[in-house]
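# Provided below are the primary sequence and the corresponding predicted coordinates.
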Amino acid sequence: MPTGYLFTNLLQFGRLLQALGIEVTAETQRVAARALERVDLGQREQVKGALSSVWVSRREQLPTVEESLHLFRRSYWGKAPVSPTLANCRLRFW
């Protein structure tokens, strides 16, 4: 499983998706973490594909997940953990 900031940020990303109406459970978080073990984290398309395959269950969810991932990754991916306050502030831009 991913460790450190990556795992913490994956959990924060899940919370962001949940706030946007995507179903996120402990099981989908576990599956997402496992999916990230199987891709090259330096390859954006691989990460996007892995995480989209976990959280997109309907076609209309794809743009929400992809745009959220793009914005989240630009701001936080691989950096220090995202505070819940910052994640909530990000929601105001939707």
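Noted; the coordinates are in hand.
# find the nearest non-adjacent residue to the residue positioned nearest the centre of the chain, please.
In the chain, the residue lying closest to the centroid (Cα atoms, centre = their mean) is F13, at 3.8 Å. Leaving out its chain neighbours, the residue that sits closest to F13 by Cβ to Cβ, 6 or more residues apart in numbering is F72, at 5.2 Å. Every residue, glycine included, has its C-beta placed from N, CA and C.
# wait, isn't that neighbour in contact with L16?
Yes - here F72 reaches L16: they are 6.3 Å apart, a contact under Cβ atoms under 8 Å.
# neighbour count for the two, which is higher?
Applying other Cβ atoms under 10 Å to F72 and L16 shows that L16 carries more neighbours, namely 22 against 19.
# against V39, how distant is the more buried one?
According to Cβ to Cβ, to the nearest Å, L16 stands 20 Å off from V39.
# and N9, how many neighbours?
If you count neighbours by other Cβ under 10 Å, N9 ends up with 22.
# cool, and D40?
D40 has 10 neighbours, counted by other Cβ under 10 Å.
# pretty sure it sits against A50.
No - using Cβ under 8 Å, D40 is not in contact with A50, being 10.1 Å away.
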